[in-house]
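[1] Here you go, sequence then predicted model.
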Amino acid sequence: MNLNGKEHHWRTGRDPLFRSWCLYLCVTLAAALLGAPAADAAAPRAHAPNPGYYRMMLGDFEVVALSDGTHPFPVESVMAGTSPEAVAHALAADDLKLPLQGSINAFLVNTGTRLVLIDTGAGALYGACCGQLLANLRAAGYAPGQVDEILLTHLHKDHVGGVLRAGNIAFPNAVLRVARADADYWRDPASRARAPEFLRSFFDSASAMLAPYAEAGRLRPFALDTELVPGIRTLSAPGHTPGHTAYLVESRGQRLLVWGDIVHVAPVQLRDPQVTLKYDSSAGAAQRTRRALLARAAQEHLWVGAAHIAFPGLGHIRQDGAAYRWIPANYETMP
Ligand SMILES: [Zn+2]
């Protein structure tokens, strides 16, 4: 009798539970046969880069950190005055390890009357890792033609390389400012001949990058510490290069020190500011300058804009005994 009843339901399909189960089985079988993805399958990876600009206000000035990209920084082969063990220990203390991705940051300052770009990234000189500054400048809402002044901290490739794009001036209305000591040194054949072999290409690239601006009458080196733009002063900071310069940006009593290459590997050099880089022109001067600017940034609670501290490279410095600590900017979606 029961068997007959089930057969009856099978034939007529009037048992709702049984009907649902049949439907589920049919859909699952059909999906498997047709290769349709299950509803809870993982999404494919997007492989999109992280955003490369970060905006903050400094008094009335808008400051935008621009990433030129990150690259595997050869920490183990370029640091001097330390040991591989000390480097590994410093990195491990910050939960980092080799190979370490190093940031290349530049800073755009809109004073309300002038648009100023401090450093320009590597352009094409570091290969595919970098040269993303122009795209990030546009993403931040600006066009290269709006930049009035380019202030360079020094003439190493990762700071000057972005002044050209495909061999042409990348910022068609900008005046290029750099310390005369750097402009002279990196374009001097005698200095090139005396320099170690690994630095020779830096002389060639500096000459090539400045030439189009010089020919256009838009290269204007400065010799003494001065206010280049209302609210932006130069601050001589020699050592990493002969004319290495920091820029002190000030609006309504708020101050930002854009310090270029004072720190290359924060976990190592904030713990021990005596650690230098084999690319430093003068290790002794680089140590003195680093100590002086770290102390000043900490004592005066300056904002710091750092070329090689993890993007956006905006934050503060705290003294911690003989060492220093980096306090990154507190993220704000809309400053
Ligand atoms: Zn650099």
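    Perfect, thanks for sending it.
[2] Just the CA atoms of stretch 198-207, as CSV, please.
    What follows is the C-alpha trace of stretch 198-207 in CSV, where atoms were taken according to Å, rounded to 0.1, in the frame of the first residue of the first chain:
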residue,chain,number,x,y,z
PHE,A,198,79.1,52.0,-9.6
LEU,A,199,78.3,55.8,-9.4
ARG,A,200,79.4,56.7,-12.9
SER,A,201,75.9,56.2,-14.5
PHE,A,202,74.5,58.6,-11.9
PHE,A,203,76.6,61.4,-13.5
ASP,A,204,75.4,60.4,-17.0
SER,A,205,71.7,60.3,-16.0
ALA,A,206,71.9,63.6,-14.1
SER,A,207,73.4,65.4,-17.1
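[3] That stretch near the ion anywhere?
    No - judged by Cβ under 5 Å from the ion, stretch 198-207 stays clear of the ion, getting no closer than 10.8 Å. Quick note: C-beta positions are derived from backbone N, CA and C, even for glycine.
[4] Quick one: mean pLDDT for that stretch?
    Confidence over stretch 198-207, taken as the mean pLDDT, stands at 97.
[5] roughly how far is it from the heart of the chain?
    For stretch 198-207, the distance between its averaged C-alpha position and the chain's averaged C-alpha position is 22 Å (Cα atoms, centre = their mean, to the nearest Å).
[6] which residues are contacting that stretch?
    Applying Cβ atoms under 8 Å, 6 or more residues apart in numbering, the set of residues contacting stretch 198-207 from outside is 125, 155-157, 160-161, 182, 186-188, 191-192, 195, 278-279.
[7] Neighbour-wise, give me the winner out of those residues.
    When neighbours are counted by other Cβ atoms under 10 Å, V160 leads the contacts of stretch 198-207 with 29 neighbours.
[8] Not counting sequence-adjacent ones, nearest residue to that one?
    Once its chain neighbours are removed from consideration, V160 has its nearest residue in M209; the separation is 4.7 Å (Cβ to Cβ, 6 or more residues apart in numbering).
[9] what helix or strand is that neighbour on?
    Element membership for M209, per DSSP states H and E: helix 200-215.
[10] Is there proximity between the longest strand along the chain and the ion?
    In the chain, assigned by DSSP state E, the strand with the most residues is strand 61-73. No - judged by Cβ under 5 Å from the ion, strand 61-73 makes no contact with the ion; its nearest approach is 9.9 Å.
[11] Please identify the buried residues of that strand?
    Of the residues in strand 61-73, those buried by neighbour count under the rule 16 or more other Cβ atoms under 10 Å are F61, E62, V63, V64, A65, L66, S67, D68, G69, T70, H71, F73.
[12] Could you list the contact residues of the protein toward the ion?
    For the chain, the contact set with the ion under Cβ under 5 Å from the ion comprises D158, D261.
[13] Now render the buried residues of strand 61-73 as CSV, adding distance to F311 and pLDDT.
    What follows is the buried residues of strand 61-73, written out as CSV (distance: Cβ to Cβ, whole Å; pLDDT from 0 to 100):
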residue, distance to F311, pLDDT
F61, 20, 98
E62, 18, 98
V63, 14, 98
V64, 12, 98
A65, 7, 98
L66, 9, 98
S67, 5, 98
D68, 9, 98
G69, 9, 97
T70, 7, 97
H71, 12, 96
F73, 13, 92
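[14] For the ion, what is the nearest residue in the stretch 51-200 of the chain?
    Closest approach between the stretch 51-200 of the chain and the ion, counting by Cβ to the ion: D158, at 4.4 Å.
[15] I'd like to know how many residues surround the nearest residue to that residue once chain neighbours are set aside.
    Leaving aside its sequence neighbours, D158 sits nearest to A122 (Cβ to Cβ, 6+ apart; 4.4 Å). Residue neighbour count, defined by other Cβ under 10 Å, stands at 24 for A122.
[16] One more: A223?
    By other Cβ under 10 Å, 13 other residues sit near A223.
[17] Pretty sure it sits against R180.
    Yes - with contact defined as Cβ atoms under 8 Å, A223 reaches R180; the gap is 4.7 Å.
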